[in-house]
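Asker: pasting the sequence and the predicted coordinates here, then a few questions.
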Amino acid sequence: LGKGRSDWVLTETEQLLTIANNHLQLAREVSLALAALRAADKQLKDLANPALLPVRKILIEEIGALEALARTDISGMALRLGSMAARIERLPLATLTHYSEAPAGTADSGGRALPREMWKDLMNLIRIRGHGEARKPLLPPDQQYFARENLRLMLYGAQLALLRGDAATFEQNTTSAKQWLSDYYDTSSQVVIAAQDELDGLLKARIKTALPDISRSLEALRRITGRRGGS
């Protein structure tokens, strides 16, 4: 009770910096950590103590690092992956692609119409694809469930890796999901094309999963005020 206003503000500032470090390092909550750093900087600004300017300088650097990290919408990307996983049933499998049948012609006296229609149907069914690697065979109808569930697991795996900050696993799962779409789904369907484009956009995003060090401001404050570091 005998402490002055300055001591109380410094105590609150130290608590805010501790909270920011805990939220960032333990829970990867960038927005909450950023809010705590900004609140701590405002506390020091209101004190207007020249001795605390080195702490504010470090704080401004740490706030800038967190702002750059926050610009990558990790939560939004994770939500998009979850939404795609929930829409798996809407994506047509290649085994379910329906080809339009050519109208049956009337055979002439020489019987030449039938072979011509058969050739037309055959050409509609053949697709020539140039790939340097071997293609996986299309799954039979009784295994279509597994084709969908495997894709769902890849998307959820990418989502979990993204939230954990595991960029390598995120890229691996997202790339595998994109390849799975190409192998087993109807790539002529607009919804499949849209899903592939969305995965492309996620892969092109510059994901910064390495967390910046925001402990220097807390150490500087404790050093200037002569306070001991807590747990």
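Answerer: That came in fine, so what should we check first?

Asker: every contact and neighbour count from this point should use C-alpha atoms.
Answerer: Noted.

Asker: can you give me the helices in the chain?
Answerer: Counting by DSSP state H, the chain has helices at residues 5-27, 30-47, 53-70, 74-86, 113-125, 144-164, 167-184, 190-204, 216-225.

Asker: list the contacts of the fourth one.
Answerer: I take that to be helix 74-86. Residues outside helix 74-86 that contact it (C-alpha atoms under 8 Å, 6 or more residues apart in numbering): Leu151, Arg152, Leu155, Tyr156, Ala158, Gln159, Leu160, Leu162, Leu163, Ala195, Leu202, Ile207.

Asker: tell me the one of these nearest Ala68?
Answerer: Ile207 (10.8 Å; C-alpha to C-alpha).

Asker: so what pLDDT did that closest one get?
Answerer: Predicted confidence (pLDDT) for Ile207: 67.

Asker: ok, back up a step: export the contacts of helix 74-86 to TSV and tack on neighbour count?
Answerer: What follows is those, written out as TSV (neighbours: other C-alpha atoms under 10 Å):
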residue	neighbour count
Leu151	23
Arg152	21
Leu155	29
Tyr156	21
Ala158	28
Gln159	26
Leu160	17
Leu162	22
Leu163	17
Ala195	19
Leu202	19
Ile207	19
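
Asker: what's the closest of the helices of the chain to Leu93?
Answerer: helix 167-184 (6.0 Å).

Asker: so, if you compare the contacts of helix 74-86, which one comes nearest to Lys45?
Answerer: Distances from Lys45 to these, taken by C-alpha to C-alpha, are shortest for Ile207, at 32.7 Å.

Asker: ranking the helices of the chain by mean pLDDT, which is last?
Answerer: Sorting the helices of the chain by mean pLDDT places helix 113-125 lowest, at a mean of 57.

Asker: if we can go back for a sec, for the helices of the chain, which one sits closest to Pro92?
Answerer: Nearest of these to Pro92, taken as C-alpha to C-alpha: helix 190-204 at 7.4 Å.

Asker: buried stuff in that closest one?
Answerer: Of the residues in helix 190-204, Val192, Ile193, Ala195, Gln196, Glu198, Leu199, Leu202, Leu203 count as buried by neighbour count, 16 or more other C-alpha atoms under 10 Å.

Asker: which non-adjacent residue is nearest the fourth one?
Answerer: If the residues on either side of it in the chain are set aside, Gln196 comes closest to Lys178, at 5.9 Å by C-alpha to C-alpha, 6 or more residues apart in numbering.
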